[in-house]
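Novice: My questions are about this predicted structure, shown below with the sequence.
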Amino acid sequence: MYKVAVMGDKDSVEGFKAIGMHAVVADKDNALAKLRELVELNYAAIFITEELASCIPEVIQKYKEKTIPAIILIPGLKGNTGEGMRNIGELVKNAVGADILG
């Protein structure tokens with residue numbers, strides 16, 4: 001059975017526990033180690049706040065080429081950079097062959 005986790009600052013991820021997700025509090029100093037730990041534990045989907053993902057862009061890019069784990073960027077409580085929506089748009093464009101999200 002595949003597992004789902006969410007990573008980011010405490011205020012942004014704690015609420016996800018209510019829907020059964022594994023919440024991992026991370027910051028720029030331990031983001032890479034925490035992500036690698038989730039990958040080793042066979043998490044299939046890992047949601048990461050955009051702010052945290054901006055600390056490890058090269059690693060996020062590496063996982064975009066893999067099916068599992070799926071790394072999905074989400075806005076945190078501190079705001080939305082738009083990076084998550086750009087990533088979803090790119091995935092949809094690659095899957096469908098056209099930019100249907102406009």
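Specialist: Received, thanks. What you see is a predicted model, and the numbers here were worked out from it, not measured in a lab.

Novice: Run the chain-centre distance for stretch 10-19.
Specialist: Relative to its chain's centre, stretch 10-19 lies at 14 Å (Cα atoms, centre = their mean, to the nearest Å).

Novice: now swap in stretch 6-24 and tell me
Specialist: Per Cα atoms, centre = their mean, the centroid offset for stretch 6-24 relative to its chain is 12 Å.

Novice: Just the buried positions in it, please.
Specialist: By neighbour count on 16 or more other Cβ atoms under 10 Å, the buried set for stretch 6-24 is 6-9, 12-13, 16, 21-24. (C-beta placed from N, C-alpha, C; glycine too.)

Novice: what number of residues lie near residue 67?
Specialist: Residue 67 sits with 7 neighbouring residues when counted by other Cβ atoms under 10 Å.

Novice: Ends of stretch 14-24, what's the gap?
Specialist: Stretch 14-24 has an end-to-end distance of 8 Å (Cα to Cα, to the nearest Å).

Novice: Many thanks, have a good one.
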